[in-house]
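*Asks:* Have a look at this fold, sequence not included:
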């Protein structure tokens, strides 16, 4: 039986004999009896196993180490101890897998930096039991939201020949022997001899390909890993991260903002409902007020305001900024924080200066801004970015020429504007950014199982 089943049916299981298999989290031994803090990973909670010297192998059990796997046969009984409803009175305790005394996860608080060094063991720690169960639940919530609303789940390619964001910070994919790279007559790398016959990279976004499917299925979404060779060591950047990217045909900017708000509220509500134990733990030990913050978001009205209006508010603010806000420029973290506090809730910032946004965003009539929206949430800053895509062939072609982009590589993308074009929009949400918000764990390295960051590719 699983521990989750026991907690779900405990009233029916009193005085019933059950068998559990799991691990020892802590072990307190006394002269005539002992207590094992037992967990099996099927739920966040653990249970106390009580054994005494009536067991034939009592002396042997007292020597079982923390971290060992065991099989327990015993009865579910009401607990006389405070803070727990029931415990297991052991009739048999069998060692399945021993553990040495120098097992790294002893019953004390370990730093997150230390736990990253033993990343293959950290899923056993209560903090990461909570974080990664919430990660699993949030992923399920995302699929549930889109599948229940008729979206097609589109698997974007991980190897690509195009740079969606135009940033150039991409990991190269090659089959070349790096000690013997072929060159052409001009001394340049001869990519014609490479596996794909051209330069190839790991994708930074599946958006462009998703647009092709949106013009066939109307509503699609991607949810998978993306990669960025950005040499950044901040708490919110990783070289490998997961993205959710819906694309919707016949949908304008206001329509896609409606979807963003509805989706985020759905995911947060889902986690609040399904991860009560995990959130209570995180609220107590990681971010005080976490549950209140998440509940408030679900009940919030999301403000919509233009980038120009935001800059005006920031300029009038009685604040000494580290980075002075300017029209036509991006906003900093301190600005994001101020704006969400100013409106006391999530804020969509719309109509961004075109020169700081991607080439595919629809130009507004003023010729200076694009139909783009970033969603800022209290305590996390930007969590989503979306836009209406430019559906005009001529306007998109002109914008690509302005940016000196290689139109040959993206002729297929341009052709979408020739073959039955329509108004369409989409957005991207970094899954790990969402998890930082949901868990209160502020470092991206602690919400992804095996983080890939500059100078770090362990496990």
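*Replies:* Right, received. Where do you want to start? None of these values were measured; they are calculated from a predicted model. Numbers count the residues shown, from 1 in each chain.
*Asks:* what comes up buried for stretch 350-363?
*Replies:* For stretch 350-363, the buried set under the neighbour-count rule, 16 or more other CB atoms under 10 Å, comprises 350-354, 357-363. No exception for glycine: its C-beta is placed from N, CA and C like everyone else's.
*Asks:* Show the average pLDDT along that stretch.
*Replies:* What stretch 350-363 shows for mean pLDDT is 95.
*Asks:* Now for residue 41, how many residues are close by?
*Replies:* When neighbours are defined as other CB atoms under 10 Å, residue 41 has 14 of them.
*Asks:* mind checking pLDDT for it?
*Replies:* On the pLDDT scale, residue 41 is placed at 95.
*Asks:* Do I have it right that it meets residue 21?
*Replies:* No. With contact defined as CB atoms under 8 Å, residue 41 does not count as touching residue 21 (10.3 Å).
*Asks:* before we move on, back to that, among the buried residues of stretch 350-363, name the ones in strands.
*Replies:* The strands, defined by DSSP state E, take in 350-353 from the buried residues of stretch 350-363.
*Asks:* Assign a three-state SS to residue 137, would you?
*Replies:* What DSSP: H, G, I helix; E, B strand; the rest coil gives for residue 137 is helix.
*Asks:* farthest pair in the buried residues of stretch 350-363?
*Replies:* 350 and 359 (18.5 Å; CB to CB).
*Asks:* now the helices: where do they sit in the stretch 251-400 of the chain?
*Replies:* Assigned by DSSP state H, counting those that start in this stretch, the stretch 251-400 of the chain shows helices spanning 253-274, 276-285, 290-299, 307-316, 333-342, 393-402.
*Asks:* what angle sits between the second one and helix 253-274?
*Replies:* By that I understand helix 276-285. Going by axes from the mean of the first three to the mean of the last three CA atoms, to 10 degrees, helix 276-285 is angled at 90 degrees with respect to helix 253-274.
*Asks:* what does helix 276-285 contact?
*Replies:* The contact list for helix 276-285 (CB atoms under 8 Å, 6 or more residues apart in numbering) reads 43-45, 126-127, 129-131, 133-134, 271-272, 289-291, 294, 439-441.
*Asks:* do that again at 7 Å, thanks
*Replies:* By CB atoms under 7 Å, 6 or more residues apart in numbering, the residues outside helix 276-285 that reach it are 44-45, 126, 130, 133-134, 272, 290-291, 439-440.
*Asks:* Repeat that for stretch 230-244.
*Replies:* 142, 169, 205, 221-229, 428-433, 436, 442-444, 448, 451-454.
*Asks:* how near is residue 376 to residue 337?
*Replies:* Using CB to CB, to the nearest Å, residue 376 is found at 9 Å from residue 337.
*Asks:* Ok, residue 206 next?
*Replies:* Taking CB to CB, one finds residue 206 at 30 Å from residue 337.
*Asks:* just residue 447 next, same as before
*Replies:* Taken as CB to CB, the span from residue 447 to residue 337 is 20 Å.
*Asks:* ok, the two, which is more surrounded?
*Replies:* Ranked by neighbour count (other CB under 10 Å), residue 447 and residue 337 place residue 447 first, with 26 against 15.
*Asks:* Distance from the chain centre to stretch 423-443, please.
*Replies:* Mean-position distance between stretch 423-443 and its chain equals 6 Å (CA atoms, centre = their mean, to the nearest Å).
*Asks:* Now it: average pLDDT?
*Replies:* On average, stretch 423-443 scores 96.
*Asks:* Could you do stretch 147-163 as well?
*Replies:* With pLDDT averaged residue by residue, stretch 147-163 scores 92.
*Asks:* which residues sit against it?
*Replies:* 170, 173, 198-204, 206, 208-210, 213, 217, 219-222, 224-225, 246, 409-410.
*Asks:* Got phi/psi on the nearest residue to residue 2 once chain neighbours are set aside?
*Replies:* Spatially, and ignoring its direct neighbours in sequence, residue 2 is nearest to residue 42 (4.1 Å; CB to CB, 6 or more residues apart in numbering). Here is the backbone geometry of residue 42 (degrees, to the nearest 10): phi -80, psi -20.
*Asks:* how long is stretch 432-448 end to end?
*Replies:* Its start and end residues considered, stretch 432-448 measures 7 Å (CA to CA, to the nearest Å).
*Asks:* Give me the distance between it and the centre of its chain.
*Replies:* On CA atoms, centre = their mean, the centre of stretch 432-448 falls 7 Å from the chain's centre.
*Asks:* do the same with stretch 90-99
*Replies:* Relative to its parent chain, stretch 90-99 has a centroid offset of 37 Å by CA atoms, centre = their mean.
*Asks:* from what I can see residue 459 touches residue 451, true?
*Replies:* No. Using CB atoms under 7 Å, residue 459 makes no contact with residue 451, being 9.5 Å away.
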